[in-house]
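# Sequence first, predicted coordinates after that:
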Amino acid sequence: MSHPPDARRKPAWLKVRFPGGPNWGRIHRYHLDQGLHSVCRSAACPNQGECWDKGIATFMILGDRCTRDCRFCNVRHDTPRPVDFKEGEKVAQAVTELKLRHAVITSVTRDDLPDGGASAFIALVEALRRQAPGCRVELLIPDLAGNLDALKTLLSCDIDILGHNLETVPRLYPVVRSGADYQRSLELLAQTRHLKPTLLTKTGLMLGLGETEEEVRTVMRDLRRVDCNMLTLGQYLAPTRHHHRVAAYIEPEHFAALKDEALTLGFDQVESGPLVRSSYHAEEQFDNRDGG
């Protein structure tokens, strides 16, 4: 995987259009009026304009303050506020009014909660099934601090995809993902497959953090060993100058080559490109699985 030598200036393929449009304004108002959070905004996603203009948003529950301080992430690290027990109903109402066919729900990491927030995910899914029974539900969860009982409880609810992002290669965990553990995250995906074999599992990696090509291949092989179905690969972009620096900008051709390798390894569906994020084109990822 050859990398351009200068990672200080963003290349042309990473340019995105300025957000706007009626649907963007509508989702923006949801944030203001209902006090909802989305990973689109909190994590400074580069695809916010495109997705919101299509009426698509990835909602983030359990507040907007994370108990961990990962050096790649723009979500605020601070003492979390108390859990809003009406949050699930609010998100379900937004999904219903936006007429979403595929809802992606994630959360901040809440190491302060005994179950890591699993009960909040369950309450939200139950609200979604009541208010929007035809909508597919994809959860993108934290590692629940390795709490297997919390994972078992969460998997008892009616969802279509369970996602958990590995984010990067094992060597870089102490540098960019403090508080997380590669084997613990991999085990979460393995246990999900064991506990609910028919449920689709999904994960994502950021490239350009300083990983090597062989390290990425090793992670992909690890994921296939735990029978992970779906994979996303995208370019890491530093939210601010205080975050971990971009080590390299990966060219689109390399993302395409990695997609081919991943499909050869046996992933059902792979989304790979500079602007890809774990929830980017999530509906299409589900529809186009079994070969992409």
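Structure received.

# Go ahead and produce PDB holding the CA coordinates of the top strand by length along the chain.
Assignment by DSSP state E gives strand 200-207 as the longest strand of the chain. Extracted C-alpha coordinates of strand 200-207, given in PDB (Å, rounded to 0.1, in the frame of the first residue of the first chain):
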ATOM      1  CA  LEU A 200     -25.500 -10.000  10.600                       C
ATOM      2  CA  THR A 201     -22.400  -8.600  12.100                       C
ATOM      3  CA  LYS A 202     -20.400  -5.600  10.900                       C
ATOM      4  CA  THR A 203     -17.300  -3.600  11.700                       C
ATOM      5  CA  GLY A 204     -15.200  -0.800  10.400                       C
ATOM      6  CA  LEU A 205     -11.600   0.300  10.200                       C
ATOM      7  CA  MET A 206     -10.000   3.700   9.600                       C
ATOM      8  CA  LEU A 207      -6.900   3.800   7.400                       C
END
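
# Next secondary structure after it?
For strand 200-207, the following helix or strand on the C-terminal side (DSSP states H and E) is helix 213-225.

# Show me what that next one is packed against.
helix 182-195, strand 200-207, strand 230-235, helix 252-265 (3 or more C-beta pairs under 8 Å, 6 or more residues apart in numbering; DSSP states H and E). C-betas here are computed from N, CA, C, even on glycine.

# at 6 Å instead, please
helix 252-265 (3 or more C-beta pairs under 6 Å, 6 or more residues apart in numbering; DSSP states H and E).

# tell me the angle of the helix it packs on relative to strand 200-207?
For helix 252-265 against strand 200-207, the angle by axes from the mean of the first three to the mean of the last three C-alpha atoms, to 10 degrees is 150 degrees.

# Give the buried residues for helix 252-265.
For helix 252-265, a neighbour-count test (16 or more other C-beta atoms under 10 Å) marks 254-255, 258-259, 262-263 as buried.

# Stretch 215-230 too?
Buried residues in stretch 215-230 (16+ other C-beta under 10 Å): 216-217, 219-220, 222-223, 226, 228-230.

# What of stretch 203-219?
Buried, per 16+ other C-beta under 10 Å, within stretch 203-219: 203-211, 213, 216-217, 219.
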